[in-house]
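Engineer: Below: sequence and its predicted model.
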Amino acid sequence: MNVENMTIKLKEAISAADRIATQHGNPTIEVEHLFVALLSQKEGVAAPLFDSLRIPKEQVLKEATTLIERLPKTYGGARGSISYALNDLFTASEKEMEKFKDEFLSAEHVLLAMVESKQVLGSY
């Protein structure tokens with residue numbers, strides 16, 4: 001995962017995912033954290049996508065937050081490491097980027113990798 005090849009919006013989403021993990025006491029940043037961050041992002045691509053599909057964003061956020069609340073918690077330990085599942089998602093996202101011959105990894109690539117994954121949120 002090369003942070004230098006990420007768009008600003010994706011970097012912002014990862015930073016937001018880290019804050020979400022910290023707020024919930026989770027020891028690692030998980031796919032669910034990044035999903036919530038992407039869906040909550042102002043001027044991002046995820047919210048308009050859900051709106052165009054007529055999927056209620058607020059309900060999806062509520063359910064994803066419930067999944068986050070079920071994740072393991074830690075108190076007083078180091079935080080901010082990326083989980084194996086999230087690392088795998090970034091690897092798949094980079095493959096999406098290569099398919100499109102894009103120079104930068106973006107939220108769009110991450111969302112495509114999420115959709116194409118055999119995993120569902122909450123089962124990573």
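Structural biologist: Yep, it's here.
Engineer: Spatially central, which residue of the protein would that be?
Structural biologist: The centre of the chain sits closest to residue 34, judged by Cα atoms, centre = their mean, with a distance of 2.1 Å.
Engineer: That residue and residue 22: what is the separation?
Structural biologist: Between residue 34 and residue 22 the distance is 14 Å, computed by Cβ to Cβ, to the nearest Å. No exception for glycine: its C-beta is placed from N, CA and C like everyone else's.
Engineer: Please apply the same query to residue 50.
Structural biologist: Counting by Cβ to Cβ, the gap from residue 50 to residue 22 is 25 Å.
Engineer: Those two - which one has more neighbours?
Structural biologist: Using other Cβ atoms under 10 Å, the more surrounded residue of residue 50 and residue 22 is residue 50, with 17 against 14.
Engineer: pretty sure that one contacts residue 60?
Structural biologist: Yes - with contact defined as Cβ atoms under 8 Å, residue 50 counts as touching residue 60 (6.4 Å).
Engineer: so what sits against both of those two?
Structural biologist: In terms of Cβ atoms under 8 Å, 6 or more residues apart in numbering, residue 50 and residue 60 are both contacted by the residues residue 39.
Engineer: now the helices for this protein?
Structural biologist: Using DSSP state H, the helices of the chain run over residues 8-23, 31-40, 46-52, 57-69, 84-99, 107-116.
Engineer: Check the gap between residue 93 and residue 17 for me.
Structural biologist: Counting by Cβ to Cβ - residue 93 and residue 17 are separated by 14 Å.
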